[in-house]
Structure formats: structure tokens, C-alpha cells
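In: Output the structure for:
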Amino acid sequence: MNAAHVWIIYRKELRDALRDRRTLISSIVVPTLLMPLLLFGVGRLMQRAVAEAREEVPTVAVLGGEGAPALLARLSGDARVRLVPVPADWREAIAAKRLRAVLEVPARLEERLRAGEASPAVRIFHYQGELKSENGARVTERIVAEHRERVVTERLAARGLGPEAVRPFEVRRENVAPPEKVGGNLFGGLVPYFIILLCFTGAIYPAMDITAGEKERGTMETLLCSPVARLDLVLGKFLLVLTGSLASMFFVVASMAGSALLGGALFLGSSGAAAAGALPPGAAAAGMGSLPTIDPLGLAGVFAMVLPVAVLFSAVALTVSLFAKSYKEAQSYLGPLIVVVLVPGMIAALPGTELTARTALIPLLNLSLVCKEMLSGSWPWGYIALIFGSSSLYAAGALALAVRMFNREDVLFRS
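Out: Down below sits the predicted model:
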């Protein structure tokens with residue numbers, strides 16, 4: 001290997017790549033804009049949708065309200081809901097979003113309560129997963145619960161007892177995990193997911209351009225006729241692909257950190273304020289509303305752990321692109337691989353997926369799991385060494401395969 005020749009090939013390919021709009025978009029523009037768009041674009045849209053759902057006064061119908069006049073009067077006088085007559089097709093009305101919820105009151109509810117009969121069930125029908133219907137059901141349930149508490153208080157007062165007779169003590173949850181561990185659990189599965197995705201997409205476009213693209217332009221033969229060894233050629237091209245992959249990773253992490261510093265606290269804080277009603281009593285005092293963070297050392301660890309994976313992606317993208325006769329054909333080969341790359345990250349985000357000696361040997365899945373641990377401030381050094389070593393072996397094998405394929409004429413010039 002001649003390092004000077006490798007450097008010359010790398011500089012030549014880098015100069016050509018910087019002139020290519022597709023490479024710049026995939027390696028710099030998309031990673032840089034992705035997180036701000038997600039945070040300020042999609043995040044704000046979701047926040048606005050939740051706020052609109054909470055501000056709307058839901059339409060609620062009551063079935064069997066004649067058996068509970070006190071409850072019906074409470075619902076009628078509460079400004080949080082708007083009672084409407086029960087339509088004949090009330091189930092279809094809920095599904096069609098014309099009605100938010102229906103409260104079904106058992107027959108003779110108050111009479112049965114006065115007689116001391118077994119407590120009957122009050123049912124609330126809603127559209128599960130539909131934001132405004134869920135809000136209507138939640139508000140209706142809160143009003144019914146308040147009415148139930150009033151009934152209990154009246155019963156206790158009739159017997160000379162106070163509310164503490166049925167609630168002798170309070171139960172409160174308190175978070176003892178530091179903010180970086182909370183943030184690691186919240187965002188630890190998301191950060192590696194985006195890094196892996198953009199690390200791969202940052203490699204495929206320059207790989208396609210310097211292999212299949214050169215075949216289309218007819219410059220591959222000219223390059224092979226130069227007095228440079230095949231090993232030097234493939235290493236120079238590989239370094240260009242690796243640069244694109246690492247550039248994507250760097251820009252997505254930088255964009256992620258900048259977005260979190262500029263707008264993350266504002267967004268999470270306002271979202272937390274909007275959701276304050278959903279927190280249990282005493283949650284704020286217990287620290288449940290504290291803002292999660294990510295360990296900065298964990299981000300540095302993510303950079304280090306992604307390096308062999310970036311080498312693996314670059315070598316695989318270069319090898320697969322060599323088999324293509326055209327840029328379009330290379331896209332059809334590499335496009336489906338994005339799904340293969342995403343699946344391990346999705347599995348890592350599933351509840352119950354833990355970092356073990358077995359999962360530490362599975363490519364990409366091990367990276368997602370260990371990055372989640374490091375972002376939480378936990379450093380399992382044994383697993384880190386095992387994952388880095390196995391990823392380096394996979395990367396070395398992929399690079400050796402790329403060199404071997406580049407030396408095969410039937411691969412370079414297949415008809």
C-alpha cells in the first residue's frame with residue numbers, strides 16, 4: 001500500500017464529492033436539518049394538536065341518566081363538557097367523530113346506592129387512539145369520579161366519619177434517578193436510531209457515485225489505467241465513503257445538541273405544563289417534572305462506538321455498489337438495506353431488550369443498546385470492549401471483502 005497514492009485518490013474523490021449536490025444534501029443538509037424539523041416542526045404540531053384537544057369542550061351523551069338525576073345535574077352544570085341528546089347511532093357517531101364520548105349509567109343507580117346494593121359499573125364509550133375522544137372520555141371520567149367522591153363524603157358524614165376513614169394515608173411516587181439517567185431512558189433509544197440511519201445514508205450516496213456513477217460516466221476505466229495499485233484505489237475511495245458517513249453522524253449529533261440547547265427546554269417545559277393535570281398529586285414536589293438531560297460524556301462515547309460501524313457501512317455500501325452497472329441499479333440494491341439497518345434499532349427500543357453477552361455480538365443491535373446505556377451515564381466496560389471489538393472485526397471483514405471485489409474484473413465490468 002502506498003499512502004501517498006491513497007491520499008491522492010482520496011483528495012480527488014473528495015473534491016468531486018463536494019461538487020455533487022446529492023452527496024452534499026445526504027451528508028450535510030439532511031442531517032443538519034433533521035432534528036430541528038422534528039423538534040420545532042413535528043414537535044410543535046403535536047403540541048398544538050394536544051392543546052387544541054384540551055381546549056375543546058367535548059360533546060358527551062348520557063345513556064340512562066334518569067336513574068341518576070344528581071349525576072346528570074352535575075354533568076349539565078359542568079362547563080368542561082357539553083351534554084347532547086343520545087343519537088340512535090351513537091356508536092357510529094363516536095367512530096365518525098361527531099360525538100366524543102357516551103356515558104352509560106346503570107338503571108336505578110342512585111336508588112341502588114341508597115339501598116346499599118353492590119356498586120354497579122358506570123361505563124364510558126369512546127374512540128380509542130383519537131385524541132379529542134380520549135380527552136372527552138378523560139374529562140367525563142374525572143367528573144364522575146368527583147361525583148363519586150362526593151357520595152362517599154356524604155355517606156361518611158352521615159356516620160360521623162371524615163374522608164380519612166377511607167384514605168388513611170397518601171401514596172406518592174418519587175424519582176430518585178438523576179436527570180441524565182431519565183434522559184438516557186427517554187432519548188437513548190432515539191439517538192442511536194437516527195445516528196445509525198444517517199450514518200448509513202451518508203455512506204450510500206458517495207459509494208454509488210464513485211462506483212456505479214463512474215461506470216456510467218466512463219471514468220472507471222481511465223482511473224484503473226493509472227499507475228496506482230488496486231488496493232490504493234479502493235482504500236482512497238473507501239476513505240471518501242467513510243468521510244460521508246462520519247460527516248452525517250457528526251452533523252446529526254451537532255444538530256441534535258444544538259436543537260436541545262436552543263429549544264428543547266422550552267418545548268419540554270411547555271409540554272410538561274400542559275400535561276400538569278395528568279400528574280398525580282405531589283408529583284411536582286417529588287421531582288417528577290424535572291427536565292431530563294443527556295450525559296455529555298455519553299455523546300462522546302457514542303461517537304467512539306459508531307466509528308467501526310461507520311467503517312462497516314462504508315465497506316458494505318462500496319461493495320454492493322460495485323455490482324451495479326448504473327446509479328439507478330445501485331439505488332435499487334442499497335435502498336432495501338435501509339430497512340435492514342433500521343430493524344436492530346427498532347428491536348433495541350422495545351421494552352425488555354437488555355444488553356447481554358449474546359446481544360453484544362449482534363451487529364447494530366449491540367450499538368443501540370450500549371449507546372442507550374452510555375447516554376444514561378452508565379458505562380458497562382466489559383460489554384463496551386466486547387461490542388467495540390466485535391464491530392471492528394465485522395468492519396475489517398467488510399473492508400477486506402470490498403478490496404477483494406474491487407480486484408475482480410467480472411464485478412467491475414460485468415455485462
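In: Dump the C-alpha coordinates for stretch 312-322 into CSV.
Out: Taking Å, rounded to 0.1, in the frame of the first residue of the first chain, the C-alpha atoms of stretch 312-322 are listed here in CSV:
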residue,chain,number,x,y,z
LEU,A,312,-18.7,-1.4,8.2
PHE,A,313,-21.4,0.7,6.5
SER,A,314,-18.9,2.3,4.2
ALA,A,315,-17.4,-1.0,3.2
VAL,A,316,-20.7,-2.7,2.6
ALA,A,317,-22.1,0.3,0.6
LEU,A,318,-18.9,0.3,-1.5
THR,A,319,-19.1,-3.5,-2.1
VAL,A,320,-22.7,-3.6,-3.1
SER,A,321,-22.4,-0.6,-5.4
LEU,A,322,-19.6,-2.3,-7.3
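In: Not counting its own residues, what contacts that stretch?
Out: For stretch 312-322, the surrounding residues in contact (CB atoms under 8 Å, 6 or more residues apart in numbering) are 199-200, 203-204, 207-208, 210-212, 234, 237-238, 241-242, 244-245, 330, 333-334, 337, 341, 363, 391, 394-395, 398-399, 401-402, 405-406, 411-412. All C-beta atoms are positioned from the backbone trio N, CA, C, and that covers glycine.
In: Just the buried residues of those residues.
Out: Neighbour counting with 16 or more other CB atoms under 10 Å marks 199-200, 203-204, 207-208, 210-212, 234, 237-238, 241-242, 244-245, 330, 333-334, 341, 363, 391, 394-395, 398-399, 402, 405-406, 412 as buried within those.
In: In helices, which of those appear?
Out: 199-200, 203-204, 207-208, 210, 212, 234, 237-238, 241-242, 244-245, 330, 333-334, 341, 391, 394-395, 398-399, 402, 405-406, 412 (DSSP state H).
In: confidence score at Val139?
Out: At Val139, the model reports a pLDDT of 92.
In: Give me the below-cutoff pLDDT ranges for the stretch 1-150 of the chain.
Out: 23, 26-27, 34-35, 38-40, 42-43, 119 (pLDDT under 70).
In: Next, the contact list for Glu214, please.
Out: Met220, Leu223.
In: Provide the secondary structure category for it.
Out: helix (DSSP: H, G, I helix; E, B strand; the rest coil).
In: From Arg44, how far off is it?
Out: Glu214 is 43 Å from Arg44, where distance means CB to CB, to the nearest Å.
In: and Leu103, helix, strand or coil?
Out: Reduced to three states by three-state DSSP, Leu103 is strand.
In: Touching, Gln331 and Tyr205? I think so.
Out: No: when contacts are counted by CB atoms under 8 Å, Gln331 is not listed as touching Tyr205 (9.3 Å).
In: Compare those two (neighbour count), which wins?
Out: Tyr205 (27 against 15; other CB atoms under 10 Å).
In: So the more buried one sits against Arg22, correct?
Out: Yes: Tyr205 is within contact range of Arg22, at 5.5 Å (criterion: CB under 8 Å).
In: Overlap of the contact sets of the two?
Out: By CB under 8 Å, 6+ apart, no residue touches both Tyr205 and Arg22.
In: Am I right that Pro168 falls within a helix?
Out: No: under three-state DSSP, Pro168 sits outside any helix and is assigned coil.
In: separation between it and Glu373?
Out: Taken as CB to CB, the span from Pro168 to Glu373 is 41 Å.
In: Which of these two has more residues huddled nearby?
Out: Glu373 (19 against 6).
In: Provide the secondary structure category for the more buried one.
Out: helix.
In: cool, Leu161 as well?
Out: coil.
In: Check Val228 too.
Out: Under three-state DSSP, Val228 comes out as coil.
In: Do I have it right that Ala49 meets Glu130?
Out: No: assessed by CB under 8 Å, Ala49 is found out of contact with Glu130, at 11.4 Å.
In: Of the two, give the one with the bigger neighbour count.
Out: Shown here are Ala49 and Glu130; by other CB under 10 Å, Glu130 has more neighbours (16 against 12).
In: which SS state does the closest residue to the more buried one other than its chain neighbours fall under?
Out: Spatial nearest neighbour of Glu130, chain neighbours left out: Lys97 (6.7 Å); criterion: CB to CB, 6 or more residues apart in numbering. Each residue gets one of three states, and Lys97 gets coil by three-state DSSP.
In: Phi and psi next, for Lys97.
Out: phi 70, psi 20 (degrees, to the nearest 10).
In: Look at it and say how many residues are nearby.
Out: Neighbours of Lys97 (other CB under 10 Å): 11.
In: can you give me the strands for this protein?
Out: 59-63, 82-83, 101-104, 123-126 (DSSP state E).
In: Please identify the deepest-packed of the ones you listed.
Out: With neighbours defined as mean count of other CB atoms under 10 Å, those peak in mean count at strand 101-104, which reaches a mean of 24.
In: Phe251 contacts Pro31, correct?
Out: Yes: assessed by CB under 8 Å, Phe251 is found in contact with Pro31 at 3.9 Å.
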